[in-house]
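1. One predicted model, sequence on top.
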Amino acid sequence: MFEERVLPHLDAAYNLARWLLRDARAAEDATQEASLRALRYLDSLRDGDARAWLLGIVRNTCFNALSRSRRAGTEVEFDSAEFEAALAAPETSDPAVALEQARLGRRIDAAIQALSAPLREVLVLRELEDLEYAQIAQIVEIPIGTVMSRLSRAREKLREALMASRMHE
């Protein structure tokens, strides 16, 4: 049952963890820890949405890891300075189209990284994982209206950051 219902969603689990933790290695650890928890508590899934259930476990695992990092003094806040640094990363492609796509990709990634965790998580779950509002509300444990308002704020901040980065080119 675990292999059929949960394992197909590991890529989504890792993706969410990577965006929340901002670190590939930490995301791998969190995904593994969440997978073990999912296996241990598989009986609580019953007939529910396995993807949303697993992503909820991943989210909680990530926020626990962030909380531990904060207590240990190892968490680094990312803000507009992080956004600007990511934009200044060196180019790696020669063709003009690939170059523009790489620039846009870096700008989008940097803009998402610059969002606060509550805004970033709803944006990632909706736009990258294509989840419905009700699923996001279940995962994040907030009302649907709050999901919608956070998503609206996240999109607006993303739009503002992308417009500002275009002006600096």
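-> It's in. Quick caveat: nothing in here was measured; it's all calculated off a predicted structure.
2. Isn't residue 17 up against residue 64?
-> No - counting by CB atoms under 8 Å, residue 17 sits too far from residue 64 to count as a contact (11.6 Å). (Glycine included, C-beta is placed from N, CA and C.)
3. Please say which of these two ends up with more neighbours.
-> Using other CB atoms under 10 Å, the more surrounded residue of residue 17 and residue 64 is residue 17, with 27 against 13.
4. Find the centremost residue of the chain, please.
-> residue 19 (3.2 Å; CA atoms, centre = their mean).
5. Please name the nearest non-neighbouring residue to that one.
-> Leaving aside its chain neighbours, residue 19 sits nearest to residue 124 (4.5 Å; criterion: CB to CB, 6 or more residues apart in numbering).
6. three-state assignment of that neighbour?
-> helix (DSSP: H, G, I helix; E, B strand; the rest coil).
7. got it, and the one 10 residues further on?
-> In three-state terms, and counting by three-state DSSP, residue 134 is helix.
8. Please pull up the helix or strand immediately following the helix or strand of the chain with the lowest mean pLDDT.
-> When the helices and strands of the chain are scored by mean pLDDT, DSSP states H and E, helix 80-87 comes last with a mean of 52. Per DSSP states H and E, the first helix or strand lying C-terminal to helix 80-87 is helix 96-114.
9. for that following helix, which positions count as buried?
-> For helix 96-114, the neighbour count (16 or more other CB atoms under 10 Å) marks 103, 106, 107, 110, 111, 112, 113, 114 as buried.
10. likewise stretch 122-132?
-> Applying 16+ other CB under 10 Å to stretch 122-132 flags 122, 123, 124, 125, 126, 129, 131 as buried.
11. Next up, the contacts around the residue nearest to the last one when sequence neighbours are not counted.
-> To tie it back to what came earlier, the one meant is residue 131. Of all residues not flanking residue 131 in the chain, residue 125 sits nearest, at 4.8 Å (CB to CB, 6+ apart). By CB atoms under 8 Å, 6 or more residues apart in numbering, residue 125 lies in contact with 16, 55, 131, 135, 136, 139, 140.
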